[in-house]
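**Q** I need the structure of the sequence given here:
(one chain, ligands or ions: 1)
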Amino acid sequence: MADERVFNFGAGPSVLPVPVLEEARRDLVALPGVGMSVLEISHRSKTFERILGEAEADLRSLASIPPGYRILFLQGGASLQFSMVPMNLLGAGQSADYVLTGVWSKKALKEAKRQGATRVAASTEAEAFARIPAEAELDLGPAAAYLHVTSNNTIYGTQWTTMPDPGEVPLVCDASSDFFSRPFDVSSCGLIYGGAQKNLGPAGLTLVIVREDLIERSAETLPSMLSYKVHAAGGSLYNTPPVFAIYLTGLVAKWLLAEGGLSKIAGINERKAARLYAEIDRTEFYRGHAAIGSRSRMNVTFRLPNETLEAGFLAEAARQGLDGLKGHRSVGGLRASIYNAFPEQGVDVLVQFMKEFERVHG
Ligand SMILES: *Cc1c(COP(=O)(O)O)cnc(C)c1O
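**A** As a prediction, the model looks like this:
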């Protein structure tokens, strides 16, 4: 199987570790000792109880999630969290602060506005979202219900290096595109959420890591499916959870542990990103979108001198087995997403390709 694979630079759903795919394929028809596929088992069975329990324990261990925090395995993507966060955490008469660093944070704000009062604590939209604001630029409401940030801006290729510290106000973080890509301090956040499909698993699973006191904010009048309290009380089994996505994410967590954990993977991710940025900086032919101090290790965005060359670059790259390099439609250009499971060798192949493309067309 591995021989037929291209290098998948897609932004999400995205590349998964080959050993995980191979294990899932091997066990797809019958889980060892169970005699049924993971696609066929009850979510209330002992087998699934074990799968869910191990996935949770491994994720907790990877991110050193402290006691006092729950992991919820939900559906609806990060996009549903744009609504669930304010529905559960933004009380009547309160206001929530949002930092706008891209399309996803704007969408989060748009949904929050439907639920209650909001403020924009900072925005870099006037600079085409090419950078992350400095902490000193944040205009924080002293009594905000929470402060919402997007830790990695998938579309623009920017990433926070250190999270802002809003003091007593809980920090809420959309970590969809850099979840478990580096060590992160869970205790500095009240709630962290993300879809699994960028760094952690297949589409269909949304992880929410939430501090227990914040779960208590969920109003009893909320629809059950939209209440953190209901999902926490049910141990993520209030209704049928995405069994297969949880199983596969559990395998990815085991793969991450076997790779040496988050500091180890962060080092590899740093190295991959540094090689690509070095190539972008080597020449005027390529121009990075993100300001140097705000560059993402997950999504590397760049442009060529004109759109004709960009189209030629994409077509030739695809012919050579480098897939998914087209930038998001809102910024154009090129984007190389190099999540945890993206192999280092693929970065070297892209760098060689960039050199050769410049030699021929530069
Ligand atoms: C992909 C992405 C989303 C949207 O995720 P869905 O799971 O499709 O709802 C939200 N935020 C960020 C930062 C993303 O990268």
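
**Q** Setting aside sequence neighbours, what's the nearest residue to the residue of the stretch 201-350 of the chain found nearest the ligand?
**A** Nearest to the ligand in the stretch 201-350 of the chain, going by CB to the nearest ligand atom, is Thr206, at a distance of 6.5 Å. (Each C-beta comes from the backbone N, C-alpha and C, glycine too.) What sits nearest to Thr206 in space, not counting adjacent residues and going by CB to CB, 6 or more residues apart in numbering, is Leu74, at 4.6 Å.

**Q** For the residue of the stretch 201-350 of the chain closest to the ligand, give its distance to Ala336.
**A** 25 Å (CB to CB, to the nearest Å).

**Q** more neighbours, the two?
**A** Ala336 (29 against 24; other CB atoms under 10 Å).

**Q** quick one: the strand or helix carrying the more buried one to chain centroid distance?
**A** Per DSSP states H and E, Ala336 falls inside strand 334-337. How far strand 334-337 lies from its chain's middle: 15 Å, per CA atoms, centre = their mean, to the nearest Å.

**Q** again with stretch 50-64
**A** 18 Å.

**Q** The stretch 1-150 of the chain: strands as residue ranges?
**A** For the stretch 1-150 of the chain, the strands defined by DSSP state E, counting those that start in this stretch occupy 7-8, 69-74, 95-100, 117-123, 147-150.

**Q** Of all those strands, which one comes closest to Ala274?
**A** strand 7-8 (18.0 Å; CB to CB).

**Q** Show me the shaky parts of the stretch 201-350 of the chain.
**A** Regions of the stretch 201-350 of the chain meeting the criterion pLDDT under 70 are absent.

**Q** Against which helices or strands is the strand holding Ala336 packed?
**A** Applying 3 or more CB pairs under 8 Å, 6 or more residues apart in numbering; DSSP states H and E, one finds that strand 334-337 contacts strand 299-303, helix 307-319.

**Q** Next, format the ones you listed as a markdown table and append mean neighbour count and distance to Leu31.
**A** Below are the helices and strands packed on strand 334-337 laid out as a markdown table (neighbours: other CB atoms under 10 Å; distance: least, CB to CB, whole Å):
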| stretch | mean neighbour count | distance to Leu31 |
| --- | --- | --- |
| strand 299-303 | 25 | 35 |
| helix 307-319 | 15 | 37 |
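
**Q** Present the ones you listed as CSV; the columns should include distance to the ligand.
**A** Output for the helices and strands packed on strand 334-337, formatted as CSV (distance: least, CB to the nearest ligand atom, whole Å):
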stretch, distance to the ligand
strand 299-303, 8
helix 307-319, 21
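
**Q** Now render the ones you listed as JSON lines, adding distance to Asn340.
**A** As requested, the helices and strands packed on strand 334-337 are exported to JSON lines (distance: least, CB to CB, whole Å):
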{"stretch": "strand 299-303", "distance to Asn340": "13"}
{"stretch": "helix 307-319", "distance to Asn340": "22"}
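
**Q** circling back to that earlier point, whether the strand holding Ala336 contacts the ligand - can you check?
**A** No - no part of strand 334-337 sits near the ligand under the criterion CB under 6 Å from any ligand atom; the closest distance found is 9.7 Å.

**Q** ok, and what's touching that strand?
**A** 9-12, 14, 154-155, 157, 177, 198, 276, 298-304, 310, 313-314, 324-328, 347, 350 (CB atoms under 8 Å, 6 or more residues apart in numbering).

**Q** Same question for that strand: list its buried residues.
**A** Leu334, Arg335, Ala336, Ser337 (16 or more other CB atoms under 10 Å).

**Q** Kindly report the same for stretch 120-135.
**A** Here stretch 120-135 shows Ala121, Ala122, Ser123, Thr124, Phe129, Ala130, Arg131, Ile132, Pro133 as buried, counting by 16+ other CB under 10 Å.

**Q** Now the terminal residues of that stretch, how far apart.
**A** Terminal residues of stretch 120-135 are spaced 14 Å apart (CA to CA, to the nearest Å).

**Q** List of residues touching it?
**A** So stretch 120-135 is contacted by 97-103, 106, 109, 137-141, 147, 153, 155-156, 158-162, 164-165, 289-291, 293-294, 331 (CB under 8 Å, 6+ apart).

**Q** Could you count how many residues lie near Gly93?
**A** Other residues close to Gly93 by other CB under 10 Å number 9.

**Q** Check the gap between it and Ala144 for me.
**A** Where Ala144 is concerned, Gly93 sits at a distance of 12 Å (CB to CB).

**Q** likewise Gly91?
**A** 11 Å.

**Q** More neighbours: which of these two?
**A** Comparing Gly91 with Ala144 by other CB under 10 Å, the one with more neighbours is Ala144, at 22 against 13.
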